[in-house]
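J.: Fold the following.
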Amino acid sequence: QVRLVESGGGLVQPGESLRLSCAVSGFTFSRLAMSWYRQAPGKERELVTTITTTGFSTNYIDSVKGRFTIFRDNAKSTVYLQMNTLKPEDTAVYYCRARDPSGNEHWGQGTQVTVSS
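T.: Below is the predicted model of the structure:
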């Protein structure tokens, strides 16, 4: 059973930074493509960023390019999302998602990020 546990969310002021973590167990982490999604109140869940199994390739939605960085540590079975220069519109519940080689998706429980002065 694949288990994902996010951490690192919180309340910050605009311009500040946060680093989210997603620890994975129950599957060979290096075989999982990892993504971060977010869902703001009253909005649909959206894909924020994805990283390949090796970590060599990433992509981001336009609104976070240059501010957010996804990276992974396969030795620790953890994927991270470094979020800099946070804006109020980044406020959302952030979810970690793993996709295994068979195409199955696995989700974490989410962590709240609130950006407010």
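
J.: so where do the strands sit in this structure?
T.: Per DSSP state E, the chain carries strands over the ranges 3-7, 10-12, 18-25, 33-39, 46-51, 58-60, 68-73, 78-83, 92-99, 105-107, 111-115.

J.: In CSV, list these along with mean neighbour count and mean pLDDT.
T.: Where C-beta positions appear, they are placed from N, C-alpha and C, glycine not excepted. Formatted as CSV, those follow (neighbours: other C-beta atoms under 10 Å; pLDDT from 0 to 100):
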stretch, mean neighbour count, mean pLDDT
strand 3-7, 17, 97
strand 10-12, 14, 98
strand 18-25, 18, 98
strand 33-39, 21, 98
strand 46-51, 18, 98
strand 58-60, 15, 94
strand 68-73, 18, 97
strand 78-83, 22, 98
strand 92-99, 21, 98
strand 105-107, 14, 97
strand 111-115, 18, 98
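
J.: And the most centrally placed residue in the chain, how far from residue 112?
T.: Residue closest to the mean C-alpha point of the chain, counted by C-alpha atoms, centre = their mean, is residue 36 at 3.0 Å. Separation of residue 36 from residue 112 (C-beta to C-beta, to the nearest Å) stands at 14 Å.
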